[in-house]
Structure formats: C-alpha cells, structure tokens
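S.K.: Generate coordinates for the sequence data below:
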Amino acid sequence: MKTRSMAALTTAILVVAPLIAVAPGPQAVAQSRPGGPARSAESTLVGGIDLDTVTIPELQARMARGSLSSVRLTLAYLRRIKAVDPRINAVLHTSPTALGQAVASDIRHRLGRTRGPLDGIPVLLKDNVNTRDMPTTAGSLALAGKPPATDAELVARLRAGGAVILGKANLSEWANFRATKPTSGWSAVGGQTRNPYVLDRNPCGSSAGSAAALAASLAQVAIGTETDGSIVCPAGMNAVVGLKPSLGVVSQSGVVPISAEQDTAGPMARNVVDTALTLSVLSGGEPAPGLAEAAVRPGALRGKRIGLWRLPVLGTEVDALMTRTAERLRAAGAEIVEVDLPYQDRLAELEFPALLSEFHRDVDAYLATRKGPRDLAELIEFNRTHPQEQTCFAGQELFEQALTAPPTTDPEHLAMRAELADLSRRSIDEVMTEHGLDAIASPANPPAWTTDCGRGDNDVIPSSTPAAVAGYPSLSVPAGFVGELPVGLLLMAGNHQDADLLSLGAAVEHRLDGRRAPRYLPTLPTG
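M.R.: Numbers count the residues shown, from 1 in each chain. Predicted structure coming up:
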C-alpha cells in the first residue's frame, strides 16, 4: 500500500513540475512585456490567446496539446481580478484552493483522464450558491460568518466535472428581494458593483457581479441565478450571454431562495458555446455537439421563424436597435414576425403577491440550515440593528410584507399560482403555435441607468417575466449598443427546449456580432 502511494505521488510530482514551470510568476510576467506590472496584469492575452474572445473548446484543445495549462489560465484570471476588479467591484473573494484545483486538472490532462468540457476551466459563482470552503452570504452580513456545511448540488457537479472554482461574485443583496426601491449590484457585504462599460452605470441585478466579471474577462464562465430577470438582464446590460434554464434542469439545492416555483441557477459566459457546455455540466446532460460549427454554417438561420416582441416602453433607441436586429436576421434567412404577448397585465398583478408567500416559506427553510438568523423575523430584526445594512438603502419592505403574507397553503395563494402558471405558459405557447415560431425575441434590457442609492433602480423590464413565471428557458445574447451601453436580445422558447434555444442563440449571436470589450469609461458625456 505504501509503495503504491509513493509511486503515485512521484508520478504526480513529475507531471506537475513542468506544468507549474510554464506558469510564470507575477514578476516574470511583468518583466516579459513593456509597461510593467499593471499593464501586463490588465492584458487579456495569455499564452497567445485572448481571454476576451477564446472559447472553452479552444482552451481544451490547447490544454490537450500541452501548449496551455489550467494553472497558467487560472493564474491569468487571478491576476486580472487583482488588477481590474478594483474598477468594477464584481468579485467578493477568490478561492484559496483555486491553483490546487488547477494543478489537479493539469495532472488529469497529462494522464488522459479529463472529466469533461469544464475540466480546468475557471468558474465564478454568484454568492448565493453554497460553498463549503468559502462564505455564502447572499450579500447580507447576517450570513457572513461560517460557510455552509456542504456545497450546493450544482457546485458538486462543477467540482466533479473538474472545473476550477475561482471565487464568489457580488450580487444584489438577497437577490433584490429586500426593498421596494433597491439598487442593483449593491450588497452590504460587497458594496456596489459597477458596469464595466460605463462605471457610473448600473450592471442590473441580481447576478450583477457574475455578468460584470465576465464582461471584464475575470473568469471564463460564471453562475447566476434568476427568479425573474436576474440572469438575462445583467447579461444584456453587460454584453455577455446568460441562460435561464427551464425550471428543474439545474438543481436549486443549496442555493439561497426566493421561490421554488420560479428560481433557477444558470450559466453565463461571453459566448453561447461556453454557456451550453456549462449547462451540460450543471444539468448532467450531454454537451451540444458541433454547436460552434453549426452556428457559423451558411444558412444556419434560414427558415427559422422568430417572433419579435418589441416592447417600446424600453425607449426609441432600443426599438431602433430591434429594427436593425430584425433586418440582420432577415438578411440571414430568418423569418421575423411581429408579435405581442397576451396576459402581461394580469401576470404583473399576480406575480409579486405570490412571490411574497413563497419567499417566506423558502427563506425560512434555508435559514434553518445556516448559522445566524433562524427565520425571516430574526433576519428583519438583524437588519434593523445593523447600520451597515442600511448604507445604500434602508428599506426592507419586501421582507416585512412577506412576513405577513398568506401561507403557501392558503387557497387564495394556490389559485394565484395556478393562474400564473396557466397564463404565463399560454402567453408563450399560444403565440408560438399561432405563428409557427421557433422562438420569441425581445429586448433584454434598456440602456444601463446611472447607479443612485437615493433613487434606487430606474428599470422597467417586462421581457423576462413570461418565461420566468412559466418556468420556460430564456437566453440573452448581445444585440448591440445604444451609444456606449450594451443591449441584449432575449430569446425564449417552450418548456425544456433549452438545447434548441441554445442552437438558435449561437446562430443569432454569430450573425449579430453584438459584443465588444468594455472600455471602463468613468461616465458618459453630458448631452
């Protein structure tokens, strides 16, 4: 037994030594290029690749050839976090074991024992996803003590797939379900996350840190969560890709909840291919084969029927971008049909009261598993007695309303949720059937508003609600810009049509080419 262990250890050392050798230390990297430490650390170039544009398949091909190691890739992202994140404040903390995880991945690559598409790929987690070795706070000081006892199930899947858990991203505290006038991207634990495109603009919530970090190339992929809009809006507002999967595709076990009837975690990345590969690991499904190749194939959009739900409430500039988007998709052979989704006023009337009851039920169950406040009543008292929780906005009106909301067993609540499920599904199914559609498209977000704690968010974003309430998949891909500010195109489809939606999204993404790297502008010119 001892002989075998020593032999295995010797093999590991022999394999790891050259891998660490190809990952130069910070001083060596700084000295290798003109401009000193700051310039080299901020560069998105590493080993002949551009982190801003490289895809997971390209990274895996290089690791398979031995021209790139996970250690070198992980170091590059850690250095970028140190150099760039102070501008945007997206990353709460990095994992002390990240490089050790990368070393283990490099051993597997050398031995031909890789675990799948994410093996060796650095991933950031939204800080409402349980990790046994890092704090999980939902942005609240009430949970800032001892980490959870176990990983969330989705984290266990990532680890089993060989992913490098790089760290935790900031979020809107309690996933924006605390105050009636919150400020997206702010938490008492992490402060305010800024939009990398224009730093005084908002990143949208609540997966704000996940999206902003990806826009700034601080990780290859990230995990967000959504109840209604919290993946797809930040994705659109930061010019990245975000998938809200069909309800139940990704386990919610170990994720701080709002409502089990709508909550889901989902993958975010700078391109659809990486998003799809990450979903395959999160869900335990098979990776979509040839997605990248299919997207660039001539005629990939020919004959696809897409309904355009314009939403002029988001402004004339967004509507003009949707017109240009429709023209580009038509030029690629897609058929664009103007549509309007029914029942939206009734959904808006019912959704919020239903979520109040479900939040009370689900957050009580979660808090019972953690150190700190044991239920919603204790959490409300914690916020009242901790001034740091009130440094951006003092309100916790949603908590207080949830505390007195009817229980989820109440017949009126059950009827409300049943009507929500029926109308939201019909709003998508009926339109898709009537027009023979492959998907429905709409703007994912308005141009980012200025961040203002006194005013709160200045958002009206109805496009995410139908798929969010129905539990259907929705995908935000970069559509283009209004001036310096990104706008996403939101695609939605029927229940469990996630794979088809990703395939369509990859083709749309290729045609629109709507993303560019951020410039970290301090503000926009007046006028």
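
S.K.: Tell me which residues of stretch 443-463 come out buried.
M.R.: By 16 or more other CB atoms under 10 Å, the buried positions in stretch 443-463 come out as 443-449, 451, 456-457, 459, 461-463. The way it works is simple: take the backbone N, C-alpha and C, and place the C-beta from them, glycine included.

S.K.: Over to stretch 246-254?
M.R.: So stretch 246-254, judged by 16+ other CB under 10 Å, has buried residues 246, 247, 249, 250, 251, 252, 254.

S.K.: could you redo those residues as JSON lines and give each row pLDDT and distance to residue 110?
M.R.: Below are the buried residues of stretch 246-254 laid out as JSON lines (pLDDT from 0 to 100; distance: CB to CB, whole Å):
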{"residue": "246", "pLDDT": "98", "distance to residue 110": "37"}
{"residue": "247", "pLDDT": "98", "distance to residue 110": "40"}
{"residue": "249", "pLDDT": "97", "distance to residue 110": "33"}
{"residue": "250", "pLDDT": "98", "distance to residue 110": "31"}
{"residue": "251", "pLDDT": "98", "distance to residue 110": "32"}
{"residue": "252", "pLDDT": "98", "distance to residue 110": "36"}
{"residue": "254", "pLDDT": "98", "distance to residue 110": "32"}
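
S.K.: ok, back up a step: so which of the buried residues of stretch 443-463 is the closest to residue 186?
M.R.: Out of the buried residues of stretch 443-463, the one with the shortest distance to residue 186 is residue 451. That distance is 8.0 Å, counting by CB to CB.

S.K.: nearest residue to the closest one other than its sequence neighbours?
M.R.: Of all residues not flanking residue 451 in the chain, residue 202 sits nearest, at 4.7 Å (CB to CB, 6 or more residues apart in numbering).

S.K.: right, and that neighbour touches residue 449 too?
M.R.: Yes. If you go by CB atoms under 8 Å, residue 202 and residue 449 touch, sitting 5.4 Å apart.

S.K.: tell me, what's touching those two both at once?
M.R.: Common contacts of residue 202 and residue 449 (CB atoms under 8 Å, 6 or more residues apart in numbering): residue 457.

S.K.: show me where pLDDT drops low in the stretch 1-150 of the chain?
M.R.: For the stretch 1-150 of the chain, residues meeting the criterion pLDDT under 70 lie at 1-41.

S.K.: cool, and the chain?
M.R.: For the chain, the stretches with pLDDT under 70 are 1-41, 527.

S.K.: Tell me which residue lies nearest the centroid of it.
M.R.: Most central residue of the chain, judged by C-alpha distance to the mean C-alpha position with CA atoms, centre = their mean, is residue 224 at 3.3 Å.

S.K.: Surely it is in contact with residue 238?
M.R.: No. Applying CB under 8 Å, one finds residue 224 not in contact with residue 238, separated by 10.9 Å.

S.K.: what's the overlap in contacts for these two?
M.R.: Shared between the contact lists of residue 224 and residue 238 (criterion: CB under 8 Å, 6+ apart) are residues residue 211.

S.K.: Just the terminal-to-terminal distance for stretch 302-319.
M.R.: Stretch 302-319 has an end-to-end distance of 24 Å (CA to CA, to the nearest Å).

S.K.: distance between that stretch and the chain's centre?
M.R.: Distance of stretch 302-319 from its chain centroid, counting by CA atoms, centre = their mean, to the nearest Å, is 23 Å.

S.K.: now the helices for the stretch 351-500 of the chain?
M.R.: Under the criterion DSSP state H, counting those that start in this stretch, the stretch 351-500 of the chain contains helices at 376-384, 397-403, 411-435, 465-470, 498-512.

S.K.: One more: the stretch 101-250 of the chain?
M.R.: Ranges of helices within the stretch 101-250 of the chain are 153-160, 208-215, 232-237, based on DSSP H, counting those that start in this stretch.
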